[in-house]
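**Student:** Dropping a prediction and its sequence here:
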Amino acid sequence: MAFWPVCESVQDAVRARRDLFWRGVSEFAADTVVVFGRKAFMALFPDRPFTFRAFTVGGLRVIALPDPDLLVAEDRQAMGLVVRSLEPLRFG
């Protein structure tokens, strides 16, 4: 398991770097990518509609989940969705 950011900080701005993200996914030989939030999802999959779901693209399983701000705010519905989605995954 690894955390690999979608964005990089450049001076006072944050910008999406899809190329670096996909390179990291390749280097880690990931089979599953978990994406938290609409902004990150749209940065990675600009041509797909954002919904909370799992799908496969190019042999890679993608799980789209709520924005981290909802989890920090203790939104019970968002937390339940995240737990149910991540529970079956194996980490380690």
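**Tutor:** Yep, that arrived. Residues are numbered from 1 along each chain as shown.
**Student:** Need the mean per-residue confidence for stretch 13-29.
**Tutor:** Averaged across stretch 13-29, pLDDT comes to 88.
**Student:** Doesn't Ser26 lie inside a strand?
**Tutor:** No. Ser26 sits outside any strand when classified using DSSP: H, G, I helix; E, B strand; the rest coil, being helix.
**Student:** how far away is it from Asp19?
**Tutor:** Distance of Ser26 to Asp19, given as CB to CB, to the nearest Å: 11 Å. (Glycine included, C-beta is placed from N, CA and C.)
**Student:** after the least confident helix or strand in the chain by mean pLDDT, next one along is what?
**Tutor:** Ranking every helix and strand in the chain by mean pLDDT, DSSP states H and E puts strand 7-10 at the bottom, with a mean of 81. For strand 7-10, the succeeding helix or strand toward the C-terminus, using DSSP states H and E, is strand 13-16.
**Student:** in stretch 39-58, what's buried?
**Tutor:** Across stretch 39-58, burial judged by 16 or more other CB atoms under 10 Å covers 40-45.
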